[in-house]
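Participant: Below are the sequence and a predicted model; questions follow.
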Amino acid sequence: MPSSCKIQTAITHGLFLLAIAMGISFKVNAQTCSGSLGDPIISESYGQSKTPGKALPQGITTLTYSATNCPGEGSYSIASSFDAADCHPDTWHSVPADHTGDFNGQMMIINAGNGENTYYRQTMTGLCPNTVYQFSGYLLNLNKPSADGTQPDIKFSVESSDENTELTSGVTGPLDTHAAPQWYYFSIYYTAPANKTEIVVRISNNSAAAGANTNAFIIDDIAFRACGRFVQAGFDKPDGSISKNICDGGGSKIHFKATVSDDSDLTYQWQVNEGDGWQEIPNSDTKDFIMDAPAKGKNYRYRLGVAKIEQFASVNCRVYSQELTLKVIPSSVISPIPAQQFCEGTRLSITANGGATFVWSGPNLPPTTINPLVIDNVNLANAGTYTVKPGPDGGCTVGSVQFEVNVLPKVSGSISDGVTICIGGHTQLNASGGISYKWTPSTGLDRDDIANPVAGPLQTTTYSVSISNGGCEDVKSVQVTVNQNVTADAGGNKTIFEGESVMLNGQAGGDGITGITWTPATGLDDPSSLTPVASPLESTTYTMHVSSLACGIATSSVFVKVFKKIVIPNTFSPNGDGINDTWNVDALSDYPDASVLVFDRYGKRIFESKGYGKPWNGTYNGSLLPEGAYYYIIDLKNNTQKRSGWVFIVR
């Protein structure tokens, strides 16, 4: 057995510590490589996807593919997680992610059952003679401690290409159960003889019998790779740092150093990975290698590949050192800062760019690393020359910047008091304390760029003025209150009959109204009311006077027409005695448009008059009418109700 590989319970190059940190255990008697490992010649990680994976290619496994989350006995499924709620929740664990903790990484979920099942099989070709290889995988027992039955017992083996001869093997033994799911790492090694470059690797069932749904487990990240001599590399010395930060553009050199446990008959090759795969570095075939630092700011990974001279051409024969990480930080220059100007009493705030940390200095300013630089309530003593340079943790920032800060005296402006005007009126505003002025809004101003504009807004407006001394400003405000002019409306004309009353419907508008007066007061119950009750004895024109504090007086008039009261007699005696010979309707002569109609008891019109200029004498067509009752209708034609009734002729 080569001294570089032995049966042990740990993986070298930090894999053991990494596995413990990830909760991965190692099966006792697992065969692991004590030297360095090569890139996987075969690698089965089952892909990455949240959706269920497809069936494996023909010949990989003897199990039956299941597209469900709960494979039956003798079946498997491919998935990124396993939820036991869908599949034997009392006896199986739920597993949220693969062994790396990747929630998208898929794995093979196996319900093995009984029989000589093959879980994984692959043919290997192109092996290097007299080279040790490691065959490994990650395993997780799905069974909870409460589950009865046989635990998974899994065999890793290497067979001849015709699959008739087992060349080496190792078994896990029954996997332990745990209260929570736990991954195991298991591996064996195989030394390829000089005359055998093709083999078959297999992972299969080693359990003699199993209860229903108990021989269940998950397998992930199967790998077969070269195991060679121990290669240790670092920056500047073999056991030096495996990571390094440098600034770009500095013309520096990078020194890689490595040591190998047995360096006879070996070939070396340094490789770099800039994110797009490993590439060989020209003229880097020594353990100690010096190169110019990359000029481009990014992350670089390096490693040293090692193999026997005659086998180096085959990547299947190589092993590699641990990766070395070089971070090239772009160099930066502090951006220029133009001259700054601030007003006394305001907040100074200046931001530096182009670096990671900065140191500021200036007049009356102790060195400080804050960014942005802030000085509250700046004063005239803060004016002068300021300097900003890279801070102690500035990384690759270079250079320094100087700039001037000018502090202008503050402005103390003043403005005239608020004023009230009537709509259509004007007032002059006055501001002082600066050399230039700007008023807003400009609506209603004759000018907005002088100290004393004339204002005539149509509605109440607050004007603000920016008072400037050429660099600083003060803002003052004043309100111009606009009172609306008073209005008066006495309402529509009224008509009443003598002895009646009517309410006048006055309305007043505007701001600052101080009083209302009606003239004449004759016949009014309250001459100071908007709606007095009028009871004039004769037709009268009333005028409403509305007065305001600042905007004058408005008037409006209403005419109240007083009609004489109509008295209609119900009898008269046209007998020629000179007493009550006519139907004399008092005051009817005041209604020149009035219509008077009289009808006999049969509805025949016997009298008609407009205006009633001459009273009816009880005749029809010059003939005396007989004694009796006659029906009348009187329409005054003044939008009042018609009068009607009976009048008696007495002979």
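Facilitator: Arrived safely. The shown structure was predicted, so the numbers you read here are calculated from the model rather than taken from an experiment.

Participant: what about residue 563, distance to residue 501?
Facilitator: Distance, residue 563 to residue 501, by CB to CB, to the nearest Å: 14 Å. In short, each C-beta sits where N, CA and C put it, glycine included.

Participant: between the two, which one's more packed in?
Facilitator: The neighbour comparison of residue 563 against residue 501 (other CB atoms under 10 Å) goes to residue 563, with 17 against 13.

Participant: Need the pLDDT of the closest residue to that one other than its chain neighbours.
Facilitator: Leaving aside its chain neighbours, residue 563 sits nearest to residue 497 (4.9 Å; criterion: CB to CB, 6 or more residues apart in numbering). pLDDT, residue 497: 86.

Participant: What is the burial count for residue 497?
Facilitator: Count around residue 497 with other CB under 10 Å applied: 15.

Participant: start the count at 15, not 1, going forward
Facilitator: Let's use 15 as the start, then, which means that last one is residue 511.

Participant: For it, give me the backbone phi and psi.
Facilitator: phi -100, psi 150 (degrees, to the nearest 10).

Participant: how about it, what does it touch?
Facilitator: Counting by CB atoms under 8 Å, 6 or more residues apart in numbering, residue 511 touches 576-580, 654.

Participant: And for residue 566?
Facilitator: 436, 499-500.

Participant: ok, of the residues you listed, which one's closest to residue 450?
Facilitator: Taking CB to CB as the measure, residue 450 lies nearest residue 436 of the contacts of residue 566, at 31.9 Å.

Participant: Dump the contacts of residue 566 into a markdown table; add neighbour count and secondary structure as well.
Facilitator: Below are the contacts of residue 566 laid out as a markdown table (neighbours: other CB atoms under 10 Å; DSSP: H, G, I helix; E, B strand; the rest coil):
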| residue | neighbour count | secondary structure |
| --- | --- | --- |
| 436 | 19 | strand |
| 499 | 17 | coil |
| 500 | 23 | coil |
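
Participant: Pick the one among the residues you listed closest to residue 411.
Facilitator: Using CB to CB, residue 436 is the member of the contacts of residue 566 that sits closest to residue 411, with 67.9 Å.

Participant: Distance-wise, check the closest one relative to residue 565.
Facilitator: In terms of CB to CB, residue 436 sits 4 Å off from residue 565.

Participant: who touches both of those two?
Facilitator: 497-499.

Participant: Return the member of those nearest to residue 620.
Facilitator: Of the shared contacts of residue 436 and residue 565, the one sitting nearest to residue 620 (CB to CB) turns out to be residue 499, at 62.2 Å.

Participant: who are the neighbours in contact with the closest residue to that closest one other than its chain neighbours?
Facilitator: Distance criterion CB to CB, 6+ apart; nearest residue to residue 499, sequence neighbours excluded, is residue 565 at 4.9 Å. Shown in contact with residue 565 (CB under 8 Å, 6+ apart): 436-437, 497-500, 524-526.

Participant: isn't residue 543 right next to residue 530, touching?
Facilitator: Yes - counting by CB atoms under 8 Å, residue 543 does reach residue 530; the two are 7.2 Å apart.

Participant: coming back round to it: may I see the shared contacts of residue 436 and residue 565 organised as JSON lines, with pLDDT and distance to residue 68 added?
Facilitator: Shown next, in JSON lines, are the shared contacts of residue 436 and residue 565 (pLDDT from 0 to 100; distance: CB to CB, whole Å):
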{"residue": "497", "pLDDT": "89", "distance to residue 68": "86"}
{"residue": "498", "pLDDT": "87", "distance to residue 68": "84"}
{"residue": "499", "pLDDT": "88", "distance to residue 68": "89"}
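
Participant: Which two among the contacts of residue 565 are spaced furthest apart?
Facilitator: 437 and 526 (11.7 Å).

Participant: and for those two, which residues touch both?
Facilitator: Contacts common to residue 437 and residue 526, judged by CB under 8 Å, 6+ apart, are 497, 565.

Participant: what bits of the stretch 265-414 of the chain have low per-residue confidence?
Facilitator: Scanning the stretch 265-414 of the chain for pLDDT under 70 picks out 408.

Participant: ah, wrong one, I meant the chain
Facilitator: Applying pLDDT under 70 to the chain flags the ranges 15-46, 223-225, 263-264, 408.

Participant: Walk me through the domains of it.
Facilitator: For the chain, the structural domains run 19-241, 245-343, 347-422, 428-497, 501-577, 585-663, going by automatic domain parsing.

Participant: ok so, going back, so which of the contacts of residue 565 would you say is closest to residue 647?
Facilitator: Residue 647 has its nearest neighbour among the contacts of residue 565 in residue 500, at 48.7 Å by CB to CB.

Participant: what about the nearest residue to that closest one once chain neighbours are set aside, distance to residue 432?
Facilitator: The shortest distance from residue 500 to any non-neighbouring residue, by CB to CB, 6+ apart, is to residue 524 (3.5 Å). Distance of residue 524 to residue 432, computed by CB to CB: 20 Å.

Participant: who's more crowded, the two?
Facilitator: residue 524 (19 against 15).

Participant: What distance do you get for that one to residue 436?
Facilitator: Taking CB to CB, one finds residue 524 at 9 Å from residue 436.

Participant: List the residues that are in contact with both of the two.
Facilitator: Joint contacts of residue 524 and residue 436 (CB under 8 Å, 6+ apart) are 497-499, 565.
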